[in-house]
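Student: sharing a model that was predicted from the sequence below.
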Amino acid sequence: MRIVLDTNVIVSGLLLAESIPGRLLSFWEAKQYDLVTSAEQVDELVRVLNYGKLSTRIDAAKAATLMSALHASAYQTNELPEVSYSVDLADNLIIATAIAGKADVLVTGDQKHLVALGSVAGIPILTPREAIDRILREDDS
């Protein structure tokens with residue numbers, strides 16, 4: 001299964017490894033799904049991780065390990081399509097990444113703008129909990 005994790009899910013996973021987003025990152029590290037990203041999303045992640053309020057709460061070594069793993073193991077898609085599904089430009093970046101990367105699922109904590117869409121271009125938009133449940137169901141089959 002190919003999954004795009006919204007930047008908010010990745011950051012939440014780094015903040016608390018025992019959280020559901022943290023479990024999603026662990027599942028990727030254990031190769032239970034293929035993570036899809038883009039250079040644009042990686043740039044956004046770097047910017048967000050450098051926010052003062054976050055940079056003091058996230059272990060720098062964990063963040064560096066994750067960034068290295070993104071470059072080494074994640075599928076990086078190129079040439080993102082122009083999309084305007086959301087009023088939030090950052091959301092459109094994540095949607096474009098999912099479309100260009102032929103993701104099976106887009107996972108986000110953004111209830112207001114993304115989860116409310118339900119799906120885009122045939123790609124279901126799930127909460128982290130729904131994604132965990134789906135991964136576990138697929139592992140059982």
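Tutor: Great, that's in hand. Given the structure is predicted, the values throughout are model-derived calculations rather than measurements.
Student: how about the contacts made by residue 3?
Tutor: 28, 33-36, 103-107, 131 (C-beta atoms under 8 Å, 6 or more residues apart in numbering). Bear in mind the C-beta positions are built from the backbone N, C-alpha and C, glycine included.
Student: try it again at 7 Å.
Tutor: Listed by C-beta atoms under 7 Å, 6 or more residues apart in numbering, the contact partners of residue 3 are 33, 35-36, 103-105, 107, 131.
Student: residue 135 too?
Tutor: Contacts of residue 135 (C-beta under 7 Å, 6+ apart): 27, 32-33.
Student: what strand or helix carries it?
Tutor: Taking DSSP states H and E as the criterion, residue 135 maps to helix 128-140.
Student: got the CA coordinates for that helix in CSV?
Tutor: The C-alpha trace of helix 128-140 is given here as CSV (Å, rounded to 0.1, in the frame of the first residue of the first chain):
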residue,chain,number,x,y,z
PRO,A,128,-4.4,8.4,11.4
ARG,A,129,-6.6,5.9,13.4
GLU,A,130,-8.4,4.9,10.2
ALA,A,131,-5.1,4.3,8.5
ILE,A,132,-3.8,2.2,11.3
ASP,A,133,-6.9,0.1,11.1
ARG,A,134,-6.6,-0.3,7.4
ILE,A,135,-2.9,-1.3,7.6
LEU,A,136,-3.7,-3.9,10.3
ARG,A,137,-6.5,-5.3,8.3
GLU,A,138,-4.3,-5.7,5.3
ASP,A,139,-1.6,-7.4,7.4
ASP,A,140,-4.3,-9.9,8.6
